[in-house]
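Chemist: Give me coordinates for this.
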Amino acid sequence: MKSAFTINLEYGALRTLCAVVNAIPYPLARGMARGIGWTLVRVFRFKRRRTLERLRTVFPDRSRGELTAIAVRSAQNILETAVEMMRAPKLDRAWMDRHVRDGLRYKEKLQSYVDEGRGVVIMVPHSGNWYMAAWSMARYGLRLFAIAARQRNPKINAWMERQYGDIEVLDRDNADTLVQIREKLAAGRAFAILPDLRVRKRDVEADFFGGTANVSRSGAAFAVRCGCPIVVAIMTRDGDRHVFSHLATLRPDPDASDKKEEARRLTRDVMRILSAAILKSPGDWFWYNKRWILEPPTE
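Modeler: The predicted structure is shown next:
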């Protein structure tokens, strides 16, 4: 448990930073985030060696300069997303119209799956701006829910819950969460989930970045259980605009006799599709995870 002093100190620092970020225009805040990201990697060499080693395993033919540029872009993307998280209450539908390309069109596409009556599972990769994919769809009226772990600082956790806005976020560690997910899907809701890329126990071995990743099948398992489609999507940045790309729609086989194996098959398909999309725009992905996705499970 954190001490009361630590909790208040962390929360006070966050709210002070939020006040600064919200007091200045969005382009300036975004520019400062990009500048800090560049400085962290280029000057202070923030986790640069480890990140470049990861990038080199995925892009062995690229130069050190090219790999460093990807690392810089990834750090900038994370900090730009932090700016948007702090300004989230201001990101209304009019803001989405200006900054999310074809957002309403994609919302209507997702809504068409929801209207089938079985819900939809939306799988997106752990890119820095996946929050914007959820925020934009929610602002356009999609009844969206997701899961997340609670923050160790209760005041920061409460702040994040407020920043989620129209997105209903379930506690990942609550004993009733699995039941709630099934009930909400059965009621025709849209469930956004990031495939868990840091599974320590063996689950699904999937091709990813030219290697083998151990991935959770939970998202696909919900789709199989509820008989709903899986939408595979990614959001990338193009200057000051976000681009939501629908990559594929996968449907569980209703006649599959082995439901677990069907979930594994769908998970492998999702990871193959996401891997190809990330490799086309690697700077949008989060290369700074504590654990490397291609490390073998501990069990």
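
Chemist: residues in contact with stretch 108-121?
Modeler: Contacts of stretch 108-121 with the rest of the structure, by CB atoms under 8 Å, 6 or more residues apart in numbering, involve 122, 137, 141-143, 184-191, 193, 219-220, 222-223, 226-231, 246, 249. C-beta: built from backbone N, CA, C; applies to glycine.

Chemist: repeat for stretch 138-152
Modeler: Defining contact as CB under 8 Å, 6+ apart, one finds that stretch 138-152 is touched by 2, 91-93, 96, 103-104, 107, 110-111, 114, 122, 134, 137, 157, 160, 165-173, 177, 181, 184, 188-193.

Chemist: swap the cut-off to 6 Å and go again
Modeler: Applying CB atoms under 6 Å, 6 or more residues apart in numbering, the external contacts of stretch 138-152 come out as 93, 96, 104, 107, 110, 134, 137, 157, 166-172, 184, 189-192.

Chemist: Likewise for stretch 285-299?
Modeler: Where contact means CB under 6 Å, 6+ apart, the residues beyond stretch 285-299 that reach it are 47, 51, 54, 74, 126-128, 197-198, 200-202, 211, 213-214, 278.

Chemist: In contact with the closest residue to Asp253 other than its chain neighbours, which residues are there?
Modeler: The spatial neighbour of Asp253 that comes closest, neighbours along the chain excluded (CB to CB, 6 or more residues apart in numbering), is Glu262 at 5.8 Å. The contact partners of Glu262, taken as CB under 6 Å, 6+ apart, are Val224, Pro252, Asp253, Ala256.

Chemist: So the second one versus Leu197, what's the distance?
Modeler: Meaning Pro252. Pro252 is 22 Å from Leu197, where distance means CB to CB, to the nearest Å.

Chemist: hang on, the earlier thing: any idea which of the contacts of stretch 285-299 is the one closest to Leu14?
Modeler: The nearest member of the contacts of stretch 285-299 to Leu14, counting by CB to CB, is Gly128 at 18.2 Å.

Chemist: Tell me who's in contact with Ala213.
Modeler: When the contact criterion is CB under 6 Å, 6+ apart, the partners of Ala213 are Ala206, Ile293, Leu294.

Chemist: Would you check that the first one makes contact with Ser216?
Modeler: No: contact criterion CB atoms under 6 Å: Ala206 and Ser216 do not qualify, at 10.2 Å.

Chemist: Could you list the buried residues of stretch 177-189?
Modeler: Of the residues in stretch 177-189, those with enough neighbours to count as buried (16 or more other CB atoms under 10 Å) are Ile181, Lys184, Leu185, Gly188, Arg189.

Chemist: What is the neighbour count of Lys259?
Modeler: When counting by other CB atoms under 10 Å, one arrives at 13 neighbours for Lys259.

Chemist: pretty sure Leu274 belongs to a helix, no?
Modeler: Yes: using DSSP: H, G, I helix; E, B strand; the rest coil, the secondary structure at Leu274 is a helix.

Chemist: For Met132, which non-adjacent residue is closest in space?
Modeler: In space, Met132 comes closest to His242 once its chain neighbours are excluded; the distance is 4.9 Å by CB to CB, 6+ apart.

Chemist: who's in contact with the one you found?
Modeler: The contact partners of His242, taken as CB under 6 Å, 6+ apart, are Val100, Met132, Met235.

Chemist: Report how many residues lie close to Ser281.
Modeler: Applying the criterion other CB under 10 Å, we find 18 residues in the vicinity of Ser281.

Chemist: Same question for Gln111.
Modeler: Gln111: 16 neighbours (other CB under 10 Å).

Chemist: residue ranges of the helices in this structure, please?
Modeler: Using DSSP state H, the helices assigned to the chain run over residues 4-23, 26-42, 48-58, 64-86, 93-99, 103-114, 130-139, 154-164, 177-186, 218-226, 259-280.

Chemist: could I get these as JSON lines with distance to Ile147?
Modeler: Putting the helices of the chain into JSON lines (distance: least, CB to CB, whole Å) gives the following:
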{"stretch": "helix 4-23", "distance to Ile147": "22"}
{"stretch": "helix 26-42", "distance to Ile147": "27"}
{"stretch": "helix 48-58", "distance to Ile147": "26"}
{"stretch": "helix 64-86", "distance to Ile147": "17"}
{"stretch": "helix 93-99", "distance to Ile147": "23"}
{"stretch": "helix 103-114", "distance to Ile147": "18"}
{"stretch": "helix 130-139", "distance to Ile147": "12"}
{"stretch": "helix 154-164", "distance to Ile147": "12"}
{"stretch": "helix 177-186", "distance to Ile147": "6"}
{"stretch": "helix 218-226", "distance to Ile147": "9"}
{"stretch": "helix 259-280", "distance to Ile147": "17"}
